[in-house]
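**Student:** Okay, predicted coordinates and the sequence, questions at the end:
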2 protein chains.
Amino acid sequence: MEQLRKAITTISPLSHESMDVYLSAWKHWSVAKDHYLLREHAVSDYIYFIKKGVARIFYHKNYKEITEWIAMDEQFFLSITSFFNRTPSHLVIHTLEPSEMYGIHHNDFMRLADQYHDIERLLRKMVTSSLILSQIRVDSIQFESAQQRYDRLLKYSPRIIQRVPVSYIASFLGVTLETLSRIRSAK
Amino acid sequence: MEQLRKAITTISPLSHESMDVYLSAWKHWSVAKDHYLLREHAVSDYIYFIKKGVARIFYHKNYKEITEWIAMDEQFFLSITSFFNRTPSHLVIHTLEPSEMYGIHHNDFMRLADQYHDIERLLRKMVTSSLILSQIRVDSIQFESAQQRYDRLLKYSPRIIQRVPVSYIASFLGVTLETLSRIRSAK
DNA sequence: AGGTTCGTTTGATATATATCAAATAAAGAC
DNA sequence: GTCTTTATTTGATATATATCAAACGAACCT
């Protein structure tokens, strides 16, 4: 729990009381490699924090798997539309290594944000970071070539490339695996 | 100011006190058609609300104008990255009709959010809506054809098409004006 | 160790959209 | 109302990436 506490404090510090009630709302999962942590949830309304390992978050679209995010290294992640709109995303979380993670349910988070000003502020800052990332992604998809998107990933998340199969990275970058393979061999 | 008050209340209701201090932090501009409301700002750190008229929000990228948003009908809008990251976006706001709008400065909004829990909640909800829109846009750019994106605009914002030149709409949809012209004539 | 499955690379072709260029059409100026 | 500028349409070609298909390589199974 210490890593989660630290990650939260970095985003926005909480009072002792807020931190206590907030942390106790988080659940913990510890799973093996190749485990489908969340398949049963039709609507995914958790925010997750990955303590250890690697997880791939994907959903199905036209009978294909779309990798929405690859989480590792003490990151927070969530299915944005599913979490906030409460619409089904059929989100799947699949571990690529033995992993540990925490999760907090939408209802708990909202209830606490309502009670504690500093938890509301924390939530606002988390949503804001997410929004900035989303905007960067819009820009990247709209104006960058597949090559440039790969270079960006290589620059900002070099460890993903070492630990995750090419096919998942391709989907995450929004290209086919063949195209990504060609990009990599051209180097 | 009544429309602004109402729009705020719809997102998240405020106490009388909060609403008073909050509304008084908003500035008002009234401008003619074809007016560059914000050209001088290298960093745009306002959230705007358009009361009347139509405005195009764009920035320059590789010597081209990229239409980031077309605002009308009592909408809020902002340059996300510029507002939250305080990085220069060289955002330009250009009115396409005689228009009236309000704006609140980043510093004022943050100060009030810090003081009043309900203003913090309002900010969180505004950021959340923005995030959901941004995600829809990611999805749209990544998986929809130009035709489908145009159809979506036609469905959800039919008035934009009537009041805004094709070239701006094309840029907003992320296609060239030639392509948009072909899409329209194919109907 | 050999066979089977899974992941990656390589090749040929198709497709959507961009780019370049020119022709119309519409709008604004005097 | 004609002239000039600006916006839109139409046409020909180029380009990045997808799709389909096959070959190759690596990893896991008993």
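**Tutor:** Structure's in. What do you need? Residues are numbered from 1 along each chain as shown, chains lettered A, B, ... in the order given.

**Student:** For B:Y46, see how far away the closest residue to A:V164 other than its chain neighbours is.
**Tutor:** Closest residue to A:V164 apart from its sequence neighbours, by Cβ to Cβ, 6 or more residues apart in numbering or on different chains: A:I70 at 5.7 Å. The C-beta positions use only the backbone N, C-alpha and C, and glycine is treated the same way. Separation of A:I70 from B:Y46 (Cβ to Cβ, to the nearest Å): 35 Å.

**Student:** do the same with A:H90
**Tutor:** Taken as Cβ to Cβ, the span from A:H90 to B:Y46 is 39 Å.

**Student:** Retrieve the pLDDT associated with A:A186.
**Tutor:** pLDDT for A:A186: 79.

**Student:** what's the closest non-adjacent residue to it?
**Tutor:** A:Q147 (7.9 Å).

**Student:** A:F77 now?
**Tutor:** A:A71 (4.5 Å).

**Student:** which residues sit in contact with that neighbour?
**Tutor:** A:Y48, A:I50, A:V54, A:A55, A:R56, A:I57, A:F77 (Cβ atoms under 8 Å, 6 or more residues apart in numbering or on different chains).

**Student:** ok, 7 Å please
**Tutor:** A:A71 is in contact with A:I50, A:A55, A:I57, A:F77, counting by Cβ atoms under 7 Å, 6 or more residues apart in numbering or on different chains.

**Student:** Next: A:T95.
**Tutor:** Contacts of A:T95 (Cβ under 7 Å, 6+ apart): A:V31, A:K33, A:D34, A:H35, A:L37, A:G53, A:V54, A:A55.

**Student:** just to revisit the earlier point, what about the residue nearest to A:V164, how many neighbours?
**Tutor:** 22 (other Cβ atoms under 10 Å in any protein chain shown).

**Student:** correct me, but it touches A:F172?
**Tutor:** Yes - the pair A:I70 / A:F172 is scored as a contact, 5.8 Å apart, by Cβ atoms under 7 Å.

**Student:** Spell out which parts of chain A neighbour DNA strand D.
**Tutor:** Residues of chain A found near DNA strand D, taking Cβ under 7 Å from any atom of the strand as the criterion, are A:S145, A:A146, A:Q147, A:G174, A:V175, A:T176, A:E178, A:T179.

**Student:** Narrow those to those that are buried.
**Tutor:** For the residues of chain A next to DNA strand D, a burial check counting by 16 or more other Cβ atoms under 10 Å in any protein chain shown picks out A:A146, A:G174, A:V175.

**Student:** Next up, phi/psi of the second one, please.
**Tutor:** When you say that, I think you mean A:G174. phi 80, psi 30 (degrees, to the nearest 10).

**Student:** Surely it touches B:F143?
**Tutor:** No - A:G174 lies out of contact with B:F143 (Cβ under 7 Å); the separation is 8.7 Å.

**Student:** How is the closest residue to A:S30 other than its chain neighbours assigned, secondary-structure-wise?
**Tutor:** Of all residues not flanking A:S30 in the chain, A:E100 sits nearest, at 4.8 Å (Cβ to Cβ, 6+ apart). Using DSSP: H, G, I helix; E, B strand; the rest coil, the three-state assignment for A:E100 comes out as strand.

**Student:** Then A:A25?
**Tutor:** A:A25 ends up coil, using three-state DSSP.

**Student:** My guess is it contacts A:H106. True?
**Tutor:** No - counting by Cβ under 7 Å, A:A25 does not reach A:H106; the two are 10.9 Å apart.

**Student:** top helix in chain A by residue count?
**Tutor:** The longest helix of chain A (DSSP state H) is helix A:117-143.

**Student:** near DNA strand C at all, that helix?
**Tutor:** No - applying Cβ under 7 Å from any atom of the strand, one finds helix A:117-143 separated from DNA strand C by no less than 9.3 Å.

**Student:** quick one: the helices in chain A?
**Tutor:** Under DSSP H, chain A gives helices at A:2-11, A:16-23, A:80-85, A:106-115, A:117-143, A:146-156, A:158-163, A:166-173, A:177-185.

**Student:** Show me what the fourth one is packed up against.
**Tutor:** Translated: helix A:106-115. With contacts taken as 3 or more Cβ pairs under 7 Å, 6 or more residues apart in numbering or on different chains; DSSP states H and E, helix A:106-115 sits against helix A:117-143.

**Student:** List the contacts of the nearest residue to A:Y150 once chain neighbours are set aside.
**Tutor:** Counting by Cβ to Cβ, 6+ apart, A:Y150 lies nearest to A:I183, which is 5.3 Å off, once chain neighbours are set aside. By Cβ under 7 Å, 6+ apart, the contact set of A:I183 is A:A146, A:Q147, A:Y150.

**Student:** Settle this for me: the last one is touching A:L173, isn't it.
**Tutor:** By that I understand A:Y150. Yes - in terms of Cβ under 7 Å, A:Y150 counts as a neighbour of A:L173; the distance is 6.1 Å.

**Student:** residues shared between the contacts of those two?
**Tutor:** A:L180.

**Student:** re the thing from before, and the helices of chain A, which one's lowest on average pLDDT?
**Tutor:** Among those, helix A:80-85 carries the lowest mean pLDDT (a mean of 83).

**Student:** Other residues contacting it?
**Tutor:** A:43-45, A:47, A:87-89, A:91, A:106, A:130, B:128, B:131-132, B:135.

**Student:** what's the most distant pair in these?
**Tutor:** By the measure Cβ to Cβ, the contacts of helix A:80-85 have their two most distant members at A:P88 and A:S130, which lie 19.7 Å apart.
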